[in-house]
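show me the folded form of this:
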Amino acid sequence: MIRVTRLDGTELYLNAEFIQSVESTPDTHVVLMNGHSYIVKEPDVEIVDRVMEYRHTAYGGGSGVKPPLKLLNDEKTG
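Model (predicted):
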């Protein structure tokens, strides 16, 4: 689970395993696999970082197992 902040300042936890997409337009929209959508204060990059941190922790941290998430076509990493 990752914590995010709604535009009204309230916080909620989202299951990182069910996030389908994250988009900034300019508000950040997080869409889950069940179709529920949330608009949050955190920028899209921060949401992705939190998901990757969650997966790193959940799937083996320092055990050499890579988290099952890879960003493709990320302009910042080439």
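
how near is residue 52 to residue 21?
Going from residue 52 to residue 21 by C-beta to C-beta, to the nearest Å gives 15 Å. Every C-beta, even on glycine, is put in place using the N, C-alpha and C of the backbone.

neighbour count for those two, which is higher?
Taking other C-beta atoms under 10 Å, residue 52 and residue 21 do not tie; residue 52 has more neighbours (15 against 11).

and the helix or strand containing the more buried one, what other elements does it pack with?
Assessed by DSSP states H and E, residue 52 sits inside helix 44-58. Applying 3 or more C-beta pairs under 8 Å, 6 or more residues apart in numbering; DSSP states H and E, one finds that helix 44-58 contacts strand 2-5, strand 19-24, strand 28-32.

hmm, try it at 6 Å
Counting contacts by 3 or more C-beta pairs under 6 Å, 6 or more residues apart in numbering; DSSP states H and E, helix 44-58 packs against strand 19-24.

give the contact list for residue 43.
Applying C-beta atoms under 6 Å, 6 or more residues apart in numbering, one finds that residue 43 lies in contact with residue 28.
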